[in-house]
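Peer 1: Structure for the following, please:
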Amino acid sequence: MPSDFDRTTSVRARRALALARLVIGAMFVWVFFENYGKGLYTREGYANLIDTYATRGSAPEAWKSVMRLMAANAAVVAPLQAVAEISFGVLLVLGLFTPAVAFAAFAFLTSLWVSEWGTAWIWELLVPMGTALALALGAAGRTWGIDAALARRKPHAPWW
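Peer 2: Numbering: from 1, shown residues only. Presented below is the predicted three-dimensional model:
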């Protein structure tokens, strides 16, 4: 039987993970509006940014090829990135489908981190990356999130 200390620690840990989910979700919403204001979801703005990473950065050459392909298709990729970023933010704030969304956010942040090698501080994205991975692994939507209600109906479903 768990002690009062164990129960209190468990509640605090769940709340801390939920708080991290809310912060990372808010970060994505903020970044969406910031990037939108900078014109980075337009074909020109997106292509210029990605070309800068590919030209000035120190990502592996294979990854730079991927970035150049993305920049060449910016008319399609830029709006897709906008939808991804705002979706990550809103879904994480709501705590909906948290494991899948947080893992997708982790993969996205990892790709951005590699893209920015040599152009940004190396630790800049490592903290959000690690946090997103922890959210994916830790059922972060089951506290203060819609996932909690869904989990009551189907507690073993992997989506929450």
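Peer 1: any idea which residue sits dead centre in the chain?
Peer 2: Nearest to the mean C-alpha position of the chain, by CA atoms, centre = their mean, lies Ala105 at 2.7 Å.
Peer 1: Centre of the chain to the helix or strand in which that residue is found, how far?
Peer 2: Under the criterion of DSSP states H and E, Ala105 resides in helix 98-115. Remark: helix 98-115 is offset 5 Å from the chain centroid, using CA atoms, centre = their mean, to the nearest Å.
Peer 1: what comes up buried for that helix?
Peer 2: 98-99, 101-102, 104-106, 108-109, 111-115 (16 or more other CB atoms under 10 Å). Bear in mind the C-beta positions are built from the backbone N, C-alpha and C, glycine included.
Peer 1: so who does Leu40 touch?
Peer 2: Shown in contact with Leu40 (CB atoms under 8 Å, 6 or more residues apart in numbering): 46, 49, 78.
Peer 1: which other helices and strands contact the longest helix seen in the chain?
Peer 2: What stands out as the longest helix in the chain, according to DSSP state H, is helix 4-38. Applying 3 or more CB pairs under 8 Å, 6 or more residues apart in numbering; DSSP states H and E, one finds that helix 4-38 contacts helix 74-94, helix 98-115, helix 126-137.
Peer 1: can we see that at 7 Å?
Peer 2: Using 3 or more CB pairs under 7 Å, 6 or more residues apart in numbering; DSSP states H and E, the elements in contact with helix 4-38 are helix 74-94, helix 126-137.
Peer 1: Direction-wise, compare that helix with helix 98-115 and give the angle.
Peer 2: Angle of helix 4-38 versus helix 98-115, following axes from the mean of the first three to the mean of the last three CA atoms, to 10 degrees, is 50 degrees.
Peer 1: Please identify the buried residues of the next helix or strand after helix 4-38?
Peer 2: Counting by DSSP H and E, the next helix or strand C-terminal to helix 4-38 is helix 43-56. Using 16+ other CB under 10 Å as the test for burial, helix 43-56 gives 43, 45-47, 49-51, 53-54.
Peer 1: Contacts made by helix 43-56 with the rest, please.
Peer 2: 38-40, 64, 67-68, 70-71, 74-75, 77-78, 115-116, 118-119 (CB atoms under 7 Å, 6 or more residues apart in numbering).
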